[in-house]
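Here's my sequence, what's the structure:
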Amino acid sequence: MPVFVLPDISQRCLPLLNMTRLSVNINKIATLRNSRGGNNPDLIQIAKDCERFGAQGITVHPRPDERHIRYNDVFELKKIVTTEFNIEGNCQEQKFIDLVLANKPGQVTLVPDALGQITSNHGWDTIRHQQYLKDIISVFKSAGIRVSIFVDPVEAMVEAAATTGTDRIELYTEAYAHQYHNDKEAAIDPYIRAAGRAKMLGLGVNAGHDLDLHNLRYFAENIPALAEVSIGHALISDALYYGLENTIQMYLRQLIT
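Prediction:
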């Protein structure tokens, strides 16, 4: 597969462009490191390089078994991340709450993961868990941390999210990605409606899960006021072919609208 050398669109150029911000999830780098022990690849250096190559944020999703990001990694990353640091995870774990409060990232993204879950696979039921979300969101906001909550593209869930005190929602995009190649208009429709409702209610909109070089541009072009996407698995997989710097530049180009 050829290596694409793309024009520089580094961070110094970004304020001139109308584009959604790209946060690189580095969980998969930690998975590779942990598979052999030691410190190869060096997670901290890769986070620095992602920023140097144009990423506007670094995302991590620590889990209780520390199978990829370790809790200590979060403390080390906090020391060096100069863009937005986004910590996402299960806020029903006290250890996660303590970790976020100790590091005070720019953003915390609350995800309703179960113990042992391989990857996130659904958003919050913001109606059923409304009081819990109000309580936990107030904890993080009192510490000066912007809060985003993971939701499915369902207008009722967006409306209930707006009552919790969250600053943003993150639209769970697996359904869009899976349907995109069959019928992209049908795939994007619930996301357009959910994002539009969020905007009307004063919520910021992030998105993530299974977004890639094939489906990202269409998503960004059709979602009003999309603030940020968090991409890990696809981006790191593409980097095996294209190289990390080229890959980050390729993803950034998809977000210019």
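
okay, and for the protein, where does confidence drop off?
Low-confidence segments of the chain (pLDDT under 70): 1-18, 113-122.

Now do the helices in it.
27-36, 43-52, 71-80, 94-103, 130-142, 155-161, 174-180, 184-200, 216-222, 233-242, 244-254 (DSSP state H).

ok, and for the fourth one, which residues are buried?
Right, helix 94-103. 96-97, 99-100, 103 (16 or more other Cβ atoms under 10 Å). No exception for glycine: its C-beta is placed from N, CA and C like everyone else's.

now the fifth one
Of the residues in helix 130-142, those buried by neighbour count under the rule 16+ other Cβ under 10 Å are 133, 136-137, 140.

Can you tell me which residue is spatially central in this protein?
A centroid search over the chain (Cα atoms, centre = their mean) returns Ser230, at 2.7 Å, as the residue closest to the centre.

which residues does that one contact?
23-25, 57, 59, 86, 88, 109, 170, 206-208 (Cβ atoms under 8 Å, 6 or more residues apart in numbering).

now swap in His181 and tell me
His214.

would you list the helices of the chain in a markdown table and tack on distance to Trp124?
Formatted as a markdown table, the helices of the chain follow (distance: least, Cβ to Cβ, whole Å):
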| stretch | distance to Trp124 |
| --- | --- |
| helix 27-36 | 20 |
| helix 43-52 | 28 |
| helix 71-80 | 22 |
| helix 94-103 | 15 |
| helix 130-142 | 7 |
| helix 155-161 | 7 |
| helix 174-180 | 15 |
| helix 184-200 | 13 |
| helix 216-222 | 21 |
| helix 233-242 | 21 |
| helix 244-254 | 27 |
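
Grab the nearest non-local neighbour of Ile192.
Excluding the flanking residues, the one nearest Ile192 by Cβ to Cβ, 6 or more residues apart in numbering is Asn222, at 5.8 Å.

what about Leu255, neighbour count?
23 (other Cβ atoms under 10 Å).

ah, wrong one, I meant Asp210
17.

Please verify my assumption that Asn206 contacts Thr109.
Yes - using Cβ atoms under 8 Å, Asn206 is in contact with Thr109, at 7.4 Å.

so what sits against both of these two?
148, 170, 230.

Among those, name the ones in strands.
148, 170, 230 (DSSP state E).
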